[in-house]
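Undergrad: Fold the stuff below for me.
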Amino acid sequence: MTITISEQAMEDLLLEIEPTAHLDPSDPLDVTWNYPSALGQGSIRNIELRQGLVIEIFQARLRDRLRIQTSGGPDGLSFHFHLLGQHQDKHTVVNDREFALYGSGLCPQEVCDGPAQTAIEVILSLEPETLQSFIGGSNGELPQHLQHLIRPTDQEIYARVARLTPLMEGILWQIVRCEQQGFLKQIYLEAKALELVSLVLEQESEIQTGRRAIKPLNAGTLERLRYAKTLLLLDVQAPPSLPELAQQAKLNEYTLKCGFKQVFGATVYGYLHNYRLEQARQLLELGHLSVSEVMAAVGLNDRQHFAASFRRKFGISPREHLIQYR
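TA: Residues are numbered from 1 along each chain as shown. As a prediction, this is how the structure comes out:
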C-alpha cells in the first residue's frame, strides 16, 4: 500500500500529537513526539541547540510506502544522515549508511518517497547565517569553493549524496544514544553536530578544489575488492595480513589499500576494527557473554583499547552497555 500525503497535512498530523516525552526536563527545546500511528510506529526527537542549528532524530518503522508532496520554497542547509533506511526525491536517492548534503536556496515542489521500512536518521538543519558565523570571513562570506552551498532564494539548491564514513557513523550513534542532560548535553551534541558538518564540508572542499578527484575502478578490480572484504571478515579472530589478503584477492597491495578506502570509506584494518566493534555491540546486547568473552569472540585482546574505542563509537562503555541488556 502507498500513502500519499501533502507536506502541510503531515505537519498537521504532528501538530495534533502532544509531545510524548521530555528526555531532558531541563531543556524545553528538546521535545520528542510519537510518530503518527496512521503511518507507522516510532518517534521524532527535535533538539534546538542554538539559533539556526537543530538536530532531529527520527527512529520509526513505516508500515507502508510513504510519499510526501512538498510545497517548495526557500530552504536552509540540511545534512541528512541515514544510519538505516532510504528515501528519494528530485535531487537525491539516499540509501542505508549514506548521507545527503542539501544547500540553501529554492527547494522546488517535489515528492519525497520512502518504502515500508525501519529507519534511523539524523538530520542537522543549519541556517545560512549560522554557517557563515562559523566559517565566514570578516565580511561573512564563505570560502570560494563553498559558496555554492548558499544560493539566492530564487536559485535551486545544491545537493550531493555520499557514503557515511566509519567516523561519521560513530558520531551519529553517539548522538542517537546521548543520555546527558542540561548544559552538558547542549555542549556535547553541538560539538558532535559541528564535527559532522566539518567532515562533510571537508569532503565538499576536496571535491570542489579537485583534490578528491578519484579515478573510477573497473569492474574486475571492484569485484576483487569486494572479495577482499569478504576474506577479511571470514575470520575476525585471525584475519589475514595485508600481503596475504592482497595475494588471495589477486590485487597488488597499493590497489588493495587505495581501492578499499575508495569503495568502503575506510582503510582495510579500520574497516575491520569498525566491524569488530559492531559485532561486539550485538553480542553484548544478547546479554549472555561477559565483556572478556565478547572481546575474544571478535578477536580483540586489549581491554583498555577496546573500552576506549567502544565508548568513542557508541558513547557508552562495553560494561555499561552489557548491563543495560542483561
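
Undergrad: Which neighbouring elements make contact with the biggest helix by length in the chain?
TA: Ranked by residue count under DSSP state H, the longest helix found in the chain is helix 182-208. With contacts taken as 3 or more C-beta pairs under 8 Å, 6 or more residues apart in numbering; DSSP states H and E, helix 182-208 sits against strand 40-50, strand 53-62, strand 77-84, strand 98-102, strand 117-126, helix 128-135, strand 159-163, helix 166-176. (Each C-beta comes from the backbone N, C-alpha and C, glycine too.)

Undergrad: so how far is Leu217 from the closest residue in space to Ala249 that isn't next to it in sequence?
TA: The shortest distance from Ala249 to any non-neighbouring residue, by C-beta to C-beta, 6 or more residues apart in numbering, is to Ala228 (3.8 Å). According to C-beta to C-beta, to the nearest Å, Ala228 and Leu217 sit 12 Å apart.

Undergrad: The two: which has the busier surroundings?
TA: Higher neighbour count among Ala228 and Leu217: Ala228, with 24 against 16, using other C-beta atoms under 10 Å.

Undergrad: what residues are up against that one?
TA: Applying C-beta atoms under 8 Å, 6 or more residues apart in numbering to Ala228 gives the contacts 245-246, 248-249, 251, 256, 260, 268.

Undergrad: And it, how close does it get to Pro216?
TA: Taking C-beta to C-beta as the criterion, Ala228 is separated from Pro216 by 18 Å.

Undergrad: ditto for Ala308
TA: Counting by C-beta to C-beta - Ala308 and Pro216 are separated by 37 Å.

Undergrad: ditto for Trp33
TA: From Trp33 to Pro216 the distance is 44 Å (C-beta to C-beta).

Undergrad: how close does the residue of the chain positioned farthest from its centre sit to Tyr275?
TA: The centre of the chain is farthest from one residue, Gln247, which by C-alpha atoms, centre = their mean lies 33.5 Å away. Counting by C-beta to C-beta, the separation of Gln247 from Tyr275 is 21 Å.

Undergrad: Comparing Ala308 and Pro216, which residue is more hemmed in?
TA: Neighbours per residue (other C-beta under 10 Å) separate Ala308 from Pro216, with Ala308 holding more: 12 against 7.
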